[in-house]
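Q: got a sequence here, can you model it:
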Amino acid sequence: MANKNIAERTERTKWFREARFGMFIHWGLYAIPARGEWVRSQECMPQEEYMRYFDEFKAEEYNPREWAALAKKAGMKYAVLTAKHHDGFCLWDTKLSSFKSTNTPAKCDLVKEYLEAFREADIKVGLYFSLIDWHHPDYPHHGDWHHPCRSDPAQGNEGRDFGRYLELMHGQIRELLTGYGKLDIMWFDFSYGEMRGEKWKADEIMQMVRSIQPHLIVDNRLEGSGESSGTILTANPADTAGDFACPEQMIPPSGIVNELGESVPWESCITLNKNWGYCSADRHWKDASMVIRMLVECVSKNGNLLLNVGPDAKGRIPRASVEILEEVGRWMSDNGDSIYGCGIASFGKPEWGRFTQKGKLLYAHIYESQVGGLCLPDMAGKIEKVRLLSDRSELRIVKHWTLAEYPEHAFFFMNHGDNYPLPDPIDTVVEVTLKEPA
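A: So this is what the prediction gives:
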């Protein structure tokens, strides 16, 4: 009998596996020092020093409708905002902590406004919630792997009550699940060392999620981490395994499957530069070409791409990010059919690019011009028609004397007897309609 968790997961993630492209948004107090979201940990910054950013957080140009419009233009179908990152700062009006956006000069519930804006844009909404909290006095300090005070013996853990911290953490999760309407994703982050699974009372968290919003999908980091996916890769995933795996800053070599070889829902979460949170000196931008090809690679392996932006202290998405996403959006407006609802193809990876597929529709993502006819391997006699996806113009299968020795393959030319130059040098997409679904 099939594992019930896999069956329920398959149903819950149907929309997710069709959406394929999402926006990750890392934003908080760390946008003010502008040295990345881990600045407190990396610099072992004391709490009192970090609090000065709390006192100057104004978010005066925060306009989530502009964020949503950009995500829509880029072709993104869902978004995930950091409601609380590791520093413990809450972007909503939590009743369980004073360390929240409504107590800063910004004086607003940023989560509420984000959710309203993205729902209006018909983009599915998710919230990121850190299991870690460097602000809370009962979270382990000295000796922890990541806490800013980990190396300070004066910050010992005597008298710290982790159970009291868990009570607050579970309470804040409940606030988000009950106070903000229908959510689509809860993105928990992250487990490490002994801080995983039942250390967080993960079973209770999942019972809460399933009882309040049973449709909602959850990542695998209650028990997994960046280094280990947890039981989601087994034939019998635990209740705490989550609904999708989330490799970070990489794309798996051949997608993600469980021990039976069955595909597991997954997304690669990847930054546009090198940092998640705003970093003013980081100009290592991935250009639109790289982003498009990352997205195609994920889809060709049955996965999603969750691409990050890090707004600045004022609430503005950096201009470089905007320009990249607008260019991606132009490509998506012509070629989105080769992404949405698509997955791994029934044919192997071609030398000139990649395939994605949706039923009888095989999409050839062509990155390199070819001398002679462009080869569709092992497809002779299997093709109904070939069209350039961007404008639906006809491309004809050719039988040329130079190709006669390769009867098992199908060939076509892009430009009436030639394949140079490609119509789109980033990724020219050709829609191949097969006679039968492979």
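Q: can you show me the strands along this protein?
A: Applying DSSP state E to the chain gives strands spanning 21-25, 78-84, 124-130, 185-189, 217-218, 267-271, 304-309, 353-358, 361-366, 374-376, 383-388, 394-395, 410-412, 428-434.
Q: and the angle from the fourth one to strand 267-271?
A: Between the direction of strand 185-189 and that of strand 267-271, the angle (axes from the mean of the first three to the mean of the last three CA atoms, to 10 degrees) works out to 60 degrees.
Q: could you measure from Arg12 over to Phe244?
A: According to CB to CB, to the nearest Å, Arg12 stands 9 Å off from Phe244. From N, CA and C alone the C-beta is placed, and that goes for glycine too.
Q: show me the contacts for the residue nearest to the spatial centre of the chain.
A: By CA atoms, centre = their mean, the chain has its centre lying nearest to Leu306, at 2.0 Å. By CB atoms under 8 Å, 6 or more residues apart in numbering, the contact set of Leu306 is Gly22, Met23, Phe24, Val80, Cys246, Glu267, Ser268, Cys269, Ile270.
Q: follow-up on the earlier one: mutual contacts of Arg12 and Phe244, please.
A: Ile217.
Q: between the two, tell me which one has more neighbours.
A: Phe244 (25 against 18; other CB atoms under 10 Å).
Q: confidence score at the nearest residue to the more buried one once chain neighbours are set aside?
A: Sequence neighbours aside, Pro265 is the residue nearest to Phe244 in space, at 4.0 Å (criterion: CB to CB, 6 or more residues apart in numbering). We note a pLDDT of 98 for Pro265 in this prediction.
Q: so, low pLDDT: which residues of this protein?
A: Applying pLDDT under 70 to the chain flags the ranges 1-2, 226, 437-438.
Q: what sits against the nearest residue to Val322 once chain neighbours are set aside?
A: Counting by CB to CB, 6+ apart, Leu70 is the residue found nearest to Val322 once chain neighbours are left out, at 6.1 Å. Leu70 is in contact with Ile317, Val322, Leu325, Glu326, counting by CB under 8 Å, 6+ apart.
Q: switch the residues you listed over to JSON lines; also include neighbour count and distance to Pro377.
A: Shown next, in JSON lines, are the contacts of Leu70 (neighbours: other CB atoms under 10 Å; distance: CB to CB, whole Å):
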{"residue": "Ile317", "neighbour count": "22", "distance to Pro377": "41"}
{"residue": "Val322", "neighbour count": "16", "distance to Pro377": "39"}
{"residue": "Leu325", "neighbour count": "24", "distance to Pro377": "34"}
{"residue": "Glu326", "neighbour count": "13", "distance to Pro377": "35"}
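Q: nearest to Met294, out of those residues: which one, please.
A: Leu325 (13.0 Å; CB to CB).
Q: do I have it right that that closest one meets Ala74?
A: Yes: assessed by CB atoms under 8 Å, Leu325 is found in contact with Ala74 at 4.0 Å.
Q: pick out the most distant pair among the contacts of Leu306.
A: So, the contacts of Leu306 by CB to CB: farthest apart are Met23 and Cys246, at 14.6 Å.
Q: domain parsing for the chain?
A: Domain segmentation of the chain under automatic domain parsing yields 4-337, 353-434.
Q: number of residues surrounding His355?
A: Careful, residue 355 is Phe and not His. Phe355, neighbours per other CB under 10 Å, totals 23.
Q: ok, Gly348 next?
A: Number of residues near Gly348 (other CB under 10 Å) recorded here: 8.
Q: likewise for Asn304?
A: 26.
Q: if it is in a bridge, with which residues?
A: Judged by DSSP bridges, the bridge partners of Asn304 are Glu267.
Q: contacting residues around it?
A: Phe16, Arg17, Ala19, Arg20, Phe21, Gly22, Phe244, Trp266, Glu267, Ser268, Cys298.
Q: quick check: closest non-adjacent residue to the fifth one.
A: Distances taken as CB to CB, 6+ apart put Met76 closest to Phe21, at 5.0 Å, once the chain neighbours are dropped.
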